[in-house]
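Colleague: No sequence on hand, only this structure:
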């Protein structure tokens, strides 16, 4: 039973978001001593809120998950846990996470967690996911908050860096999830979920992926041109972003949509991990 409760928190998503939180935290710490205790509180609090949002997502999407091959074996789809207990578990995780952020980190980071939770659970999962292809764009705002939570945990303020970080991750989210929408288009059609690839078609979706990749690359470079990160960051990130742009552009003209979308999907994970790694260690480039 314990394993089932862990599963409904979607550990993979929590780990992925921890990368964003860590990148934002270390980026903001580049001019100050690294606060290990604050870092632990930030990761723990934000992860608990994210876990809560994922559990609520599982609860709300039970009917959809049963229709999709990829999700038909999820815990709640197979009725392995009582719904009421799962609901209480979600509330417990959320309250505990927000309490840690509010009491042990700062009010801004806690507020951002509330914002991300509301976007993901209420706007995305409850309303737009079943009604509009704009759901991915709306959901991307939630997916971008972990980076800013990590940043504001240190800075305790919303500044140009945090806003730029937020925008950059939105562009990444869009390209990443549009790739998923092509990979899983059959599932989305069967569940009648109006994702962009289903409503507008795969051909247009591939062009949009290329557009978002270009914007991710451009806005990432602004960190250097605005003086926040070194030219070493610009050089290394540009190499990876150029190849990502090449893949996404080549994908427009190729016919094996599922295979190419999967390649873009996995490479986008490499891109965001590498991006967060670079913004975390950039201060060492300036020292050495």
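Modeller: Thanks, I have the structure now. Not measured: the values here are computed from a predicted model.
Colleague: Could you break this protein into its assigned domains?
Modeller: Domains of the chain are assigned by automatic domain parsing as 1-157, 159-288.
Colleague: pLDDT (mean, whole number) over the shortest one?
Modeller: Same thing as domain 159-288. Averaging pLDDT along domain 159-288 gives 92.
Colleague: next helix or strand past whichever strand or helix holds residue 48?
Modeller: Secondary structure from DSSP states H and E places residue 48 in helix 36-60. As assigned by DSSP H and E, the chain's next helix or strand after helix 36-60 is helix 62-67.
Colleague: After that next one, which helix or strand is next? Please name it.
Modeller: The C-terminal neighbour of helix 62-67 among helices and strands, as given by DSSP H and E, is helix 83-100.
Colleague: what angle do the helix or strand just after that following helix and helix 36-60 make?
Modeller: Next along the chain after helix 83-100, taking DSSP H and E as the criterion, comes helix 107-117. Put simply, helix 107-117 runs at 20 degrees to helix 36-60, going by axes from the mean of the first three to the mean of the last three CA atoms, to 10 degrees.
Colleague: now the helix holding residue 48, how far from the centre of its chain.
Modeller: 13 Å (CA atoms, centre = their mean, to the nearest Å).
Colleague: same check, this time on stretch 115-132
Modeller: Distance of stretch 115-132 from its chain centroid, counting by CA atoms, centre = their mean, is 14 Å.
Colleague: same deal with stretch 197-213?
Modeller: Here stretch 197-213 shows a centroid-to-chain-centroid distance of 19 Å under the convention CA atoms, centre = their mean.
Colleague: Contacts only, for the residue positioned nearest the centre of the chain.
Modeller: For the chain, residue 143 is the residue whose C-alpha lies nearest the centre (CA atoms, centre = their mean; 3.5 Å). Residue 143 makes contacts with 17, 116, 120, 169, 170, 173, as judged by CB atoms under 8 Å, 6 or more residues apart in numbering. (Glycine included, C-beta is placed from N, CA and C.)
Colleague: Lovely, talk soon.
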